[in-house]
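Asker: Need the 3D shape of this:
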Amino acid sequence: MKIPSLAEIKKELSNLNDQELKNLIIDLSKFSRENKSYLFFKLFERDNPQIFVEMVQEELELEFSKHSTSNIHTAKKSAQAIRRKLNKNLKLTKDVTAQIELIAFFCKNMRAYGYLSFRHPVIENLYRIQVGKIETLVKKLHEDLQYDYVSVLEDLKF
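Answerer: This is a model prediction of the structure:
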């Protein structure tokens, strides 16, 4: 089966009436948890743009407290699992400041929960990559906002 292009999908969507479009969106949200999350945040983000950041931070905090750092192997695996969850949530927003806040939250918790104390190359590289992501995202911001996040970035660097 050949998947149609985005332009073809847009064209077909424009032919649907409001009720058909609502039913299609509801059906789409039933397929995966990510679709439902995306729909939820897009609908309620207008009223409170910080709701997304707060909910993801709560979810990540729960994951950090749940995972064990008793040895190197479990610490590495749990850090990778939490990072995957972070990346899934980062796809849900295009707001650069929200992405910076979430990645910084992840990095701060990696330090706070002792993941970096193992000096394992995989964990350290994972941390450095996240700090690098923050650097590239900060460069996309306006100069006034860049100044606010430079201090956060300096705190996260080794």
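
Asker: This structure: helices as residue ranges?
Answerer: Counting by DSSP state H, the chain has helices at residues 6-14, 18-31, 33-44, 51-66, 72-90, 96-112, 121-139, 143-156.

Asker: Contact partners for E101?
Answerer: Taking Cβ atoms under 8 Å, 6 or more residues apart in numbering, we find E101 in contact with 53, 57. Using the backbone N, CA and C atoms, a C-beta is placed for each residue, glycine as well.

Asker: What pLDDT does the model give it?
Answerer: At E101, the model reports a pLDDT of 95.

Asker: Could you do D95 as well?
Answerer: At D95, the model reports a pLDDT of 89.

Asker: And the one 3 residues further on, by the same measure?
Answerer: What the model reports as pLDDT for A98 is 92.

Asker: Once you drop chain neighbours, what's closest to it?
Answerer: V53 (5.1 Å; Cβ to Cβ, 6 or more residues apart in numbering).

Asker: from memory that neighbour sits against L102, does it?
Answerer: Yes - at 6.3 Å, V53 counts as touching L102 under the criterion of Cβ atoms under 8 Å.

Asker: relative orientation of the worst-scoring helix or strand of the chain on mean pLDDT and helix 72-90 in degrees?
Answerer: Ranking every helix and strand in the chain by mean pLDDT, DSSP states H and E puts helix 33-44 at the bottom, with a mean of 84. Inter-element angle recorded for helix 33-44 and helix 72-90: 50 degrees (by axes from the mean of the first three to the mean of the last three Cα atoms, to 10 degrees).

Asker: Give me the contact list for helix 33-44.
Answerer: Contact with helix 33-44 is made by 25, 28-30, 51-52, 88-89, 91-93, as judged by Cβ under 8 Å, 6+ apart.

Asker: Quick one, which of those are buried?
Answerer: 29, 52, 89, 92-93 (16 or more other Cβ atoms under 10 Å).

Asker: Of these, which is the nearest to R83?
Answerer: N89 (10.8 Å; Cβ to Cβ).

Asker: Relative to E58, how far out is that closest one?
Answerer: Distance of N89 to E58, computed by Cβ to Cβ, to the nearest Å: 11 Å.

Asker: now Q80
Answerer: Q80 sits at a distance of 21 Å from E58 (criterion: Cβ to Cβ).

Asker: From the neighbour counts alone, determine which of these two ranks first.
Answerer: Q80 (13 against 10; other Cβ atoms under 10 Å).

Asker: Quick check: closest non-adjacent residue to the residue nearest the centre of the chain.
Answerer: Compute the mean C-alpha point of the chain, and by Cα atoms, centre = their mean the closest residue is L90, 2.3 Å away. Using Cβ to Cβ, 6+ apart and skipping the chain neighbours, the partner closest in space to L90 is Q99 (5.5 Å).
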